[in-house]
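**Student:** Next one to model:
(one chain, ligands or ions: 4)
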Amino acid sequence: MLVTGNDILIPARAGKYAVGAFNTNDMEITQAIIHTAEKLRSPVMVQMSEGAIKYGGQDLADIVIDMAHRSSVPVALHLDHGSSYDSALKAIKMGFTSVMIDASHYPFEENVHETRRVVEAAHAMGISVEAELGRLGGIEEHVVVDEKDAFLTDPEEAVKFVEETGTDYLAIAIGTSHGAYKGKGRPFIDLVRIKRISELVAIPLVAHGSSGVPAELVQRFRDAGGEIGDAVGIADEDLQQAAQYGIAKVNVDTDLRLAMTTGVREVLKKNPKEFDPRKIFGPARDLMSQVVEHKMRVLGSVGKA
Ligand SMILES: O=C(COP(=O)(O)O)NO
Ligand SMILES: [Ca+2]
Ligand code: NA
Ligand SMILES: [Zn+2]
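**Tutor:** Ligands and ions are numbered 1, 2, ... in the order given. Next up is the predicted model:
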């Protein structure tokens, strides 16, 4: 069934498990996400960035919404990294049931102002809101934040922000970053900070930049002709710990991108004569389903639907 973000995330935080929020850009990715959620009886959030909306538009949103309506598990359609009030309102008109307003690169007061505007409008229409406080490193769809400007979320400031905005869930900067290069060795995720914030803030917390970028997938990508540097992601154990400390939504995009591209490259490399789209995108869909399954097991959402 199609539900709001609150319907999924409030039980998740209370139950000390997290729910995957997986980015989609086409039908196969959406099928891998929702079919796997159904197979594992897991709630799930399907999210589209502004770039995905530009790419797939209402066509793609409708695939998600229709599959969600027909689904046997709770599915929310979420706007990832909404960059403005207008973007959030547009997504709600498209049928999204959860929207992020990402104003975290503005000064605190401006972030509060922008977020509160979206909260008031979204709540009037029964839609849940994600806001962000703090700044991740790496590239956020529309904002390049270099390491020196990245700053981790201050727990006391988070309390003030939540009170002043009324946001339903809060994305916090805890050391993760977007993309395949999350730091040298085992990227640092500030579990102490997450725990502190969760003691002060009762609403569900969101971890962005949480792809695991598993070494075996990176190697398969390379073996199939892909070029990638020393990519590294967030360790499964760190995400499991974070889920104990209030992280209820975990964003995953890069792992799906790597899986899809690896799947396609492997077919094209192995069978240069192949030109049946089902034979090219089918294995990619299967590999993405494996990635989604692994994540849901790590986050503890299996059987929670
Ligand atoms: O935070 C993300 C995705 O992060 P990854 O690049 O780690 O998949 N989307 O909003
Ligand atoms: Ca941001
Ligand atoms: Na988001
Ligand atoms: Zn993000």
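
**Student:** who are the neighbours in contact with the closest residue to I92 other than its chain neighbours?
**Tutor:** Excluding the flanking residues, the one nearest I92 by C-beta to C-beta, 6 or more residues apart in numbering is I127, at 5.3 Å. Heads up, the C-betas are built off the backbone N, CA and C, glycines and all. Listed by C-beta atoms under 8 Å, 6 or more residues apart in numbering, the contact partners of I127 are 4, 92, 96-99.

**Student:** hmm, stretch 240-258 touching ligand 1?
**Tutor:** Yes. Remark: stretch 240-258 sits within contact range of ligand 1 at 251-254, by C-beta under 6 Å from any ligand atom.

**Student:** repeat for stretch 298-305
**Tutor:** No. Judged by C-beta under 6 Å from any ligand atom, stretch 298-305 stays clear of ligand 1, getting no closer than 13.6 Å.

**Student:** on that earlier part again, how confident is the prediction for the residue nearest to I92, by pLDDT?
**Tutor:** Looking at I127, its pLDDT reads 99.

**Student:** Would you list the phi and psi of it?
**Tutor:** phi -110, psi 140 (degrees, to the nearest 10).

**Student:** Relative to its centre, which residue of the protein is most distant?
**Tutor:** Largest separation from the mean C-alpha position in the chain: K273, at 36.1 Å (C-alpha atoms, centre = their mean).

**Student:** Across the sheet, point out what pairs with the residue in the stretch 201-305 of the chain that ligand 3 sits nearest to.
**Tutor:** With C-beta to the ion as the measure, N251 is the residue of the stretch 201-305 of the chain nearest to ligand 3, at 5.8 Å. Going by DSSP bridges, N251 is paired in beta bridges with A21.

**Student:** Spell out which residues sit in contact with it, please.
**Tutor:** N251 neighbours (C-beta under 8 Å, 6+ apart): 21, 23, 47, 80, 206-210.

**Student:** same thing with D190?
**Tutor:** 152, 174-175.

**Student:** what does V129 give?
**Tutor:** Taking C-beta under 8 Å, 6+ apart as the test, what V129 contacts is 5, 88, 98-101, 115, 118-119, 122-123, 166-169.

**Student:** Can you tell me which of these are buried?
**Tutor:** Buried by 16 or more other C-beta atoms under 10 Å: 5, 88, 98-101, 115, 118-119, 122, 166-169, out of the contacts of V129.

**Student:** Let's verify the nearest residue to N25 once chain neighbours are set aside: helix, strand, or coil?
**Tutor:** Once flanking residues are discounted, N25 sits nearest to A52: 4.9 Å by C-beta to C-beta, 6+ apart. Here A52 is recorded as helix under DSSP: H, G, I helix; E, B strand; the rest coil.

**Student:** Just to check, A52 is in contact with T30?
**Tutor:** No. Using C-beta atoms under 8 Å, A52 is not in contact with T30, being 10.4 Å away.

**Student:** Can you check the pLDDT for the nearest residue to F188 once chain neighbours are set aside?
**Tutor:** Closest residue in space to F188, ignoring its immediate chain neighbours: G175 at 4.6 Å, by C-beta to C-beta, 6+ apart. For G175, the pLDDT comes out at 90.
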